[in-house]
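Chemist: Please find the sequence and the predicted model below.
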Amino acid sequence: MPVMNLLLFGPPGVGKGTQGERFSSATGISHLAMGDILRAAVRDETGAGKQARVYMDAGKLVPDALVVSMIEDHLVEGANAGFLLDGFPRNVAQAKALEIMLAHHDLTLDKIVFMDAPESHLIKRLSGRLICRACGFGFHRHYSPPRETGRCDRCGGELYQREDDREDVIVHRLRVYNEQTEPLLAYYRDKAGFVRLDASGEMQAVYTALKEAVEG
Ligand code: AMP
């Protein structure tokens, strides 16, 4: 496959991380997941991580200046293999900053994929989600449970529930999405390479649709 730069966006819990990870492992393109980059900074207690943590735990967006400066290095590093952006941009101001960054580095987006699913699906997916503390791999209590309760199938690490996957925070994250991120749809809808994907089905079906959308 030729080197491609992709953007995945959509509500929390729609499967951007799961599908993005799978797609990048299969194709070798870099998976640039803003949430993962931020969680790594929080874990490593960097200056940016300390600032970001309060917002993340409350389900709020981290200030634009902080995330924009964090993503740029990754974008430039990822550009050789191609990249898949997931979780950035999350509002129109970030989308505009991304456009400037891409132009500055002579990069373009080949596909812009909007993933969507009904809110009831999103709540079920988010509230059952479990993440490995060691390798970051994701499981779900009901849809893809680990073989051994509380342990990662891949590395044996401890599984935990993200602080922001608690039900009260989920409700807040969905509100933030509707108010701040959903307007990205109007921003990207008429751009070249825009595709809308129904992400309410099974993981495999969504992956097949994603591959077709990107390669088509
Ligand atoms: P995610 O793993 O994509 O669900 O992101 C987890 C949390 O990280 C979000 O709820 C925000 O607090 C923060 N975050 C991730 N991406 C961004 C972004 N582009 N802008 C601001 N905050 C973000």
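Modeler: Nice, I can see it.

Chemist: Could you use CA atoms for every contact and neighbour count after this?
Modeler: OK.

Chemist: Look at Arg189 and say how many residues are nearby.
Modeler: 15 (other Cα atoms under 10 Å).

Chemist: what does Glu215 give?
Modeler: Look at Glu215: counted by other Cα under 10 Å, it has 11 neighbours.

Chemist: Quick check: it vs Ala48, distance?
Modeler: 36 Å (Cα to Cα, to the nearest Å).

Chemist: again with Gln94
Modeler: When Gln94 is compared with Ala48 (using Cα to Cα), they lie 17 Å apart.

Chemist: before we move on, what about Ala95?
Modeler: Going from Ala95 to Ala48 by Cα to Cα gives 21 Å.

Chemist: buried residues in stretch 52-72?
Modeler: The neighbour-count check on stretch 52-72 (16 or more other Cα atoms under 10 Å) flags Ala52, Arg53, Met56, Gly59, Lys60, Leu61, Val62, Val67, Val68, Met70, Ile71, Glu72 as buried.

Chemist: Most widely separated two among the residues you listed?
Modeler: Between any two of the buried residues of stretch 52-72, the greatest separation by Cα to Cα is 23.0 Å, found for Gly59 and Glu72.

Chemist: Pro12 falls within a helix, correct?
Modeler: No - Pro12 is assigned coil when assessed by DSSP: H, G, I helix; E, B strand; the rest coil, not a helix.

Chemist: list the contacts for it?
Modeler: Residues counted as contacts of Pro12 (Cα atoms under 8 Å, 6 or more residues apart in numbering) are Leu122, Leu126, Arg173, Leu174, Tyr177.
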